[in-house]
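Chemist: Dropping a prediction and its sequence here:
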Amino acid sequence: MKILLKSNILILGLVVFFSCQSQSSSTISKIDKVHLKDNVIGKDVQLIDVRTQEEFEAGYIDDAVNFNISDSNTFLQQIKTLDKSKPVYLYCKMGGRSNRAAEILKQEGFVEIYDYSGGYNDWVQE
């Protein structure tokens, strides 16, 4: 009985260890306008605008697609269309919603996540 209990504890410990390891391989990097211009604009990347549709229609960055994080059920369905093994670039108006979206992507197993913390407001300023 003690041996069975010890082996179950060992197995549980290994499961917890390896599940934590896979999540720690995900990274969220804060980026600025220069990084966005150099690494995203004009390139074939996953650029996601997490603002509302109305905000998006008023203006957006490059070839961004709109996944409104305020509609959480739809947002979770939309991110399933992304390639988890490729970088994902996120932005919102000022950085708050994109930060929340980055955390969700991390939880969902995305590996390389970039959060343009200045957001669209920073983008349109010269």
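Modeler: Received it, and whenever you're ready, just let me know what you need. Residues are numbered from 1 along each chain as shown.
Chemist: so where's this protein uncertain?
Modeler: 1-24 (pLDDT under 70).
Chemist: tell me which element the residue nearest to Leu90 when sequence neighbours are not counted falls in.
Modeler: Excluding its sequence neighbours, the residue lying closest to Leu90 (Cβ to Cβ, 6 or more residues apart in numbering) is Ser98, at 4.2 Å. Any C-beta I mention is one placed from the backbone N, CA and C, and that applies to glycine too. Element membership for Ser98 (DSSP states H and E) is helix 96-107.
Chemist: Same question for Asp38.
Modeler: Under the criterion of DSSP H and E, Asp38 resides in helix 33-39.
Chemist: and Lys84, how many neighbours?
Modeler: By other Cβ atoms under 10 Å, the residues close to Lys84 number 15.
Chemist: For it, list the residues it contacts.
Modeler: Residues in contact with Lys84 (Cβ atoms under 8 Å, 6 or more residues apart in numbering) are Glu108, Gly109, Phe110, Val111.
Chemist: Can you tell me the SS state at it?
Modeler: At Lys84 the chain is in coil, as set by DSSP: H, G, I helix; E, B strand; the rest coil.
Chemist: As a check, name the ranges of all helices in the protein.
Modeler: In the chain, helices defined by DSSP state H lie at 2-24, 33-39, 53-58, 72-79, 96-107, 119-124, listed in chain order.
Chemist: measure the most centrally placed residue in the chain to Gln125 for me?
Modeler: The chain has Ala102 as the residue nearest its centroid, 3.2 Å off, counting by Cα atoms, centre = their mean. Relative to Gln125, Ala102 is positioned 22 Å away (Cβ to Cβ, to the nearest Å).
Chemist: isn't Ile28 right up against Ile104?
Modeler: No. Between Ile28 and Ile104 there is no contact under Cβ atoms under 8 Å: 10.7 Å.
Chemist: contacting residues around Ile31?
Modeler: Shown in contact with Ile31 (Cβ under 8 Å, 6+ apart): Asn39, Tyr89, Tyr114, Asp115, Tyr116, Ser117.
Chemist: same deal with Ser25?
Modeler: Applying Cβ under 8 Å, 6+ apart, the residues near Ser25 are Val111.
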